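Participant: Prediction below, plus the sequence it came from.
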There are 2 protein chains.
Amino acid sequence: MDLLRVTYRLAVDAAAAEARAEQVAREQTVEVPREALRDAELVRRIVGRVEAVAADGDAHARVTIAYPVETTALDPAQLLNVVFGMTSLQPDAECVAIDPPASLCRAFGGPRFGIEGLRKAVGVERRALTCTAVKPMGLAPEALAARMRIFARAGIDVVKDDQGLADHAFCPFDARVRACLAAVEEAADETGRRTLYAPNLIGAPEALFRQLRVAEDLGARAVMASPLLVGLPVFAELCRRAAVPVLAHPSFGGVQRFAPEALFGTLYRLYGADAVIFVGYAGRFGTSRAACRALAGNLRGSLHGLRPALPVPGGGITLDEIPEVVSFYGREAMLLIGGSLLVAPDDAALFDRSCEFVRRVAACTGSDA
Amino acid sequence: MDLLRVTYRLAVDAAAAEARAEQVAREQTVEVPREALRDAELVRRIVGRVEAVAADGDAHARVTIAYPVETTALDPAQLLNVVFGMTSLQPDAECVAIDPPASLCRAFGGPRFGIEGLRKAVGVERRALTCTAVKPMGLAPEALAARMRIFARAGIDVVKDDQGLADHAFCPFDARVRACLAAVEEAADETGRRTLYAPNLIGAPEALFRQLRVAEDLGARAVMASPLLVGLPVFAELCRRAAVPVLAHPSFGGVQRFAPEALFGTLYRLYGADAVIFVGYAGRFGTSRAACRALAGNLRGSLHGLRPALPVPGGGITLDEIPEVVSFYGREAMLLIGGSLLVAPDDAALFDRSCEFVRRVAACTGSDA
């Protein structure tokens, strides 16, 4: 029997942990009182087993539950249900780690392009990558395209839409993507290097998949979506349908009780993200260094043959922090810097700061390509 | 300019609240540093305005921000982005209230059937309604149908699938729905009353909408889905496409730092849920009475002409708690009791407890129909 192992941190002391863990195992599967479970064979096949219980600091315990993978129906929505569905509603529990078995990884497939495919798409073999965003919401397509042209001329590897760019009346999706792609081509004619532009896809499924089709038809070579805004299972379907690499954005991922390394690290990769943007320790979100390290490790580490996904720390990195951040994540990462470029007082300064961003990252990790 | 008002509880003292609120307003819209905003007209059109700041207990403040509704693009995914996208990632903020303008309510439409449509579907005019679940995961279709027959013969108004019933190899969706609907018909032939069965739809969009089609084709007169498992925007599209009432289940809803009255109350109704299951104060989840009262109020209260949605408290109510729970929520509610029926040692006892459930609710709120 293939097992899905999930680790929870529970606000109970060690003496009570085993019993509480057994409740969690039932809550996440059969969701009935223990007295209602009279079929031992069903318990074995469905409820799974508490495998490990350990004290974890003051009045807390870490417990690992092994669920039979069949409970997930190998379905991306049902997987969430088994991992943290009802227990997420109980304030004493946090989901801290997910260890999917090989069969689940095979069924989901993980990244279609991964780090290697992204490096190929931007033509950079060794050094850390650079990324920024066209923004803010409120600009018309031509104004966003003007910024795109600046970033592309400065040689930034990947430029994504801000996650807040939707199909707005004041900036429709199709016009925006067309204008930004044209700006990329203009800059490429000038510099000989083609920046990878990732339009933001957002909406209910019908709108979302229309946007994917439009973006690919217009020649986009990557796309971005926010899995928790559009729905994690929708994101999985998007990755399956997309012919180009997919970046994941953390919006709406407020993780009070879901450790970022488990959600953005393990799950987003399993669901197919080729690159995962997250809010790192540098900046205004205050994710711990330990969580960032674990998150990057979960994206890049070995996982039953799934391709590694690219960690993309963002959330307020400044130009001055580049050397430290690069040394923290290493070269198998892409730095996302937005605000620290946009504080430039005019377009000339924006271009200069963008060039500086590219230069500093290359200086830290080698200047290939 | 139509305004979407969102209230946050921030872990800052009153002196710092105004500045922090202004940051939130930018984070949720333009997401750039203040220095990068040099276009006053764009700020007015997009960033919106901090409307209210008030101290809220020790070292906390409540702030209300009015966002121009245009920022949402009237899109269900982008709405989440504006309401709590990036701020959800900052540990000092909780989203506590959403006040959608009339234009947004018109665009989304809210419940298609609402309380009135549900009462019509079950043929009960006045009293509170009764609800239970066929479960647990692991039973084959015929075993679940046997339980359905017992509940239907006992006269329970609505029987939903457990939210953990997916399209499992050991209990495929089509076979399960067919068997349960047949059991409903058998019981109806006997009693003259037809229980409303709501199959659980779960999966990525393609699977989900296939399940909807199958359920409706087989004659299901209601369906259920978990908005945060399938994705809130998918749920909105499901409500738009479904020809029958849609129940919302709270699974995976604890992941966000999001007050239950705002998430399950306002948003789930706005997105179209006709009935909203939540984990109430009675039971094993510990939601506060104040939150339950506010949640039920948000579902049933006036909201720009949207139909009221039915509050469905669940999460561990016992038979003995029925009078108190009914007096708390009133008759415009549906009690969901699962475990307290299923502790019965055999099928005869399960039938007796189910009848007792129906009897007690009727005794509290009148026995029409």
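Facilitator: That came through fine. Numbers count the residues shown, from 1 in each chain, chains lettered A, B, ... in the order given.
Participant: going forward, measure contacts and count neighbours with C-alpha atoms only.
Facilitator: OK.
Participant: how does chain A divide up, domain by domain?
Facilitator: A:3-108, A:114-365 (automatic domain parsing).
Participant: can you redo those as TSV with mean neighbour count, distance to B:Leu10 and mean pLDDT?
Facilitator: Shown next, in TSV, are the domains of chain A (neighbours: other Cα atoms under 10 Å in any protein chain shown; distance: least, Cα to Cα, whole Å; pLDDT from 0 to 100):
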stretch	mean neighbour count	distance to B:Leu10	mean pLDDT
domain A:3-108	20	19	90
domain A:114-365	22	14	89
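Participant: Please produce a markdown table containing these, extended by distance to chain B.
Facilitator: Below are those laid out as a markdown table (distance: least, Cα to the nearest Cα, whole Å):
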| stretch | distance to chain B |
| --- | --- |
| domain A:3-108 | 4 |
| domain A:114-365 | 3 |
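Participant: Out of those, which is closest to B:Arg331?
Facilitator: domain A:3-108 (25.7 Å; Cα to Cα).
Participant: which residues in chain A form strands?
Facilitator: For chain A, the strands defined by DSSP state E occupy A:3-10, A:49-55, A:61-68, A:93-99, A:129-134, A:158-161, A:196-198, A:223-225, A:246-248, A:275-279, A:310-314, A:334-336.
Participant: Give the pairing partners of the fifth one; include direction for each.
Facilitator: I take that to be strand A:129-134. strand A:158-161 (parallel), strand A:334-336 (parallel) (DSSP bridges).
Participant: Let me know which of those is the nearest to A:Glu321.
Facilitator: When the strands paired with strand A:129-134 are compared by Cα to Cα, strand A:334-336 sits nearest A:Glu321, at 10.7 Å.
Participant: which residues make contact with the closest one from outside it?
Facilitator: Contacts to strand A:334-336, defined as Cα atoms under 8 Å, 6 or more residues apart in numbering or on different chains, come from residues A:128-133, A:277, A:310-315, A:317, A:326.
Participant: ok, back up a step: will you turn the strands of chain A into JSON lines that also has distance to A:Leu208?
Facilitator: Formatted as JSON lines, the strands of chain A follow (distance: least, Cα to Cα, whole Å):
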{"stretch": "strand A:3-10", "distance to A:Leu208": "31"}
{"stretch": "strand A:49-55", "distance to A:Leu208": "39"}
{"stretch": "strand A:61-68", "distance to A:Leu208": "33"}
{"stretch": "strand A:93-99", "distance to A:Leu208": "28"}
{"stretch": "strand A:129-134", "distance to A:Leu208": "20"}
{"stretch": "strand A:158-161", "distance to A:Leu208": "15"}
{"stretch": "strand A:196-198", "distance to A:Leu208": "14"}
{"stretch": "strand A:223-225", "distance to A:Leu208": "9"}
{"stretch": "strand A:246-248", "distance to A:Leu208": "13"}
{"stretch": "strand A:275-279", "distance to A:Leu208": "19"}
{"stretch": "strand A:310-314", "distance to A:Leu208": "23"}
{"stretch": "strand A:334-336", "distance to A:Leu208": "24"}
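Participant: For A:Ala236, which residues are in contact?
Facilitator: A:76, A:108, A:271-272, B:204.
Participant: and those as CSV, adding distance to A:Val177?
Facilitator: Converted to CSV, these look like this (distance: Cα to Cα, whole Å):
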residue, distance to A:Val177
A:Pro76, 29
A:Phe108, 29
A:Tyr271, 25
A:Gly272, 23
B:Ala204, 26
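Participant: Select, from these, the two members most distant in space.
Facilitator: Greatest spacing in the contacts of A:Ala236, by Cα to Cα: A:Gly272 and B:Ala204 (13.4 Å).
Participant: if we can go back for a sec, for the strands paired with strand A:129-134, could you give me CSV that also reports distance to A:Arg178?
Facilitator: Listed next are the strands paired with strand A:129-134 as CSV, based on distance: least, Cα to Cα, whole Å:
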stretch, distance to A:Arg178
strand A:158-161, 13
strand A:334-336, 23
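Participant: between these, which one is nearest to A:Val361?
Facilitator: Comparing the strands paired with strand A:129-134 by Cα to Cα, strand A:334-336 comes nearest, at 8.3 Å.
Participant: Name all residues that make contact with the residue nearest the centre of chain A.
Facilitator: Nearest to the geometric centre of chain A sits A:Val276, at 3.1 Å (Cα atoms, centre = their mean). A:Val276 makes contacts with A:247-250, A:264-265, A:268-269, A:309-312, as judged by Cα under 8 Å, 6+ apart.
Participant: Could you do A:Phe278 as well?
Facilitator: A:249-250, A:264, A:311-315 are the contacts of A:Phe278 under Cα under 8 Å, 6+ apart.
Participant: Spatially, which two of these are the most separated?
Facilitator: A:Phe264 and A:Gly315 (14.3 Å).
Participant: Distance check, A:Arg45 against A:Pro68.
Facilitator: 7 Å (Cα to Cα, to the nearest Å).
Participant: again, but for A:Arg126
Facilitator: 41 Å.
Participant: again with A:Asp39
Facilitator: Distance, A:Asp39 to A:Pro68, using Cα to Cα: 16 Å.
Participant: if we can go back for a sec, which members of the contacts of strand A:334-336 are the farthest-apart pair?
Facilitator: Pairwise distances across the contacts of strand A:334-336 (Cα to Cα) peak at 19.1 Å, for the pair A:Ala133 and A:Val326.
Participant: re the thing from before, between the strands paired with strand A:129-134, which one is closest to B:Val82.
Facilitator: Comparing the strands paired with strand A:129-134 by Cα to Cα, strand A:158-161 comes nearest, at 15.5 Å.
Participant: Can you give the contact residues for the closest one?
Facilitator: Strand A:158-161 is contacted from outside by A:122, A:129-135, A:148, A:151-152, A:195-200, A:223-224, using Cα under 8 Å, 6+ apart.
Participant: If we use 7 Å, what do you get?
Facilitator: Strand A:158-161 has contacts (Cα atoms under 7 Å, 6 or more residues apart in numbering or on different chains) with A:130-135, A:195-200.
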